[in-house]
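1. when you get a sec, could you give me coordinates for this:
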Amino acid sequence: MSAHLPHRPAIDRSAHEPLWREALGRRLRALRLRRGATLADVAARAGIAPQYLSEVERGRKDPSSEMVAAIAGALGVTLLDLTVQVARSLEVEWSSGGVLDLAARPSDALASVAWTDQPGGVVLALAA
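-> As a prediction, the model looks like this:
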């Protein structure tokens, strides 16, 4: 049975649903760029090849949970925090029909995404 959240906008399920690996890759790249780290730096700390990390960031590889944990650790975030950030970005992307490109403007915006249900609609608050 599907849970219905009150006051959420209707979603057209015929549209392309964003993939987890793509949202994960965008978030990892944003975190890496915000820290001023290179692919080689993060890959070395995670114990993986820079090419593999590049493919993960571009959403072309679907890494194992162990790989995601290693990359998260190399970026100085917990697996839980990273998972929440990616889930929030998917929610924002799916409900708005757009993509927040954090690589173009790195920030911790997704860490502070908050949904507030208000009568008549939904308010999305982003804190810098």
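2. now do the host helix or strand of A43: everything it contacts.
-> Element membership of A43 [criterion: DSSP states H and E] is helix 39-46. Taking contacts as C-beta atoms under 8 Å, 6 or more residues apart in numbering, the residues outside helix 39-46 that touch it are 32, 49-50, 52-54, 57, 67, 70-71, 73-75. Quick note: C-beta positions are derived from backbone N, CA and C, even for glycine.
3. tilt between whatever helix or strand comes next after that helix and helix 39-46?
-> Toward the C-terminus, helix 39-46 is succeeded by helix 50-57 as the next helix or strand (DSSP H and E). Between the axes of helix 50-57 and helix 39-46, defined by axes from the mean of the first three to the mean of the last three C-alpha atoms, to 10 degrees, the angle is 100 degrees.
4. buried stuff in helix 50-57?
-> 52-53, 55-57 (16 or more other C-beta atoms under 10 Å).
5. the helices in the protein, which residues?
-> 20-34, 39-46, 50-57, 65-74, 79-96 (DSSP state H).
6. extract the C-alpha trace of the longest one and format it as PDB.
-> So that's helix 79-96. C-alpha atoms of helix 79-96 as PDB (Å, rounded to 0.1, in the frame of the first residue of the first chain):
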ATOM      1  CA  LEU A  79      27.200   7.100   5.200                       C
ATOM      2  CA  LEU A  80      24.000   8.100   7.000                       C
ATOM      3  CA  ASP A  81      24.500  11.800   6.300                       C
ATOM      4  CA  LEU A  82      25.300  11.100   2.700                       C
ATOM      5  CA  THR A  83      22.200   8.800   2.300                       C
ATOM      6  CA  VAL A  84      19.900  11.400   3.800                       C
ATOM      7  CA  GLN A  85      21.400  14.200   1.500                       C
ATOM      8  CA  VAL A  86      20.900  12.000  -1.600                       C
ATOM      9  CA  ALA A  87      17.400  11.100  -0.600                       C
ATOM     10  CA  ARG A  88      16.500  14.700   0.000                       C
ATOM     11  CA  SER A  89      18.000  15.700  -3.400                       C
ATOM     12  CA  LEU A  90      15.900  13.000  -5.100                       C
ATOM     13  CA  GLU A  91      12.800  14.300  -3.300                       C
ATOM     14  CA  VAL A  92      13.500  17.900  -4.400                       C
ATOM     15  CA  GLU A  93      14.300  16.800  -8.000                       C
ATOM     16  CA  TRP A  94      11.300  14.600  -8.300                       C
ATOM     17  CA  SER A  95       8.800  17.000  -6.900                       C
ATOM     18  CA  SER A  96      10.100  20.100  -8.700                       C
END
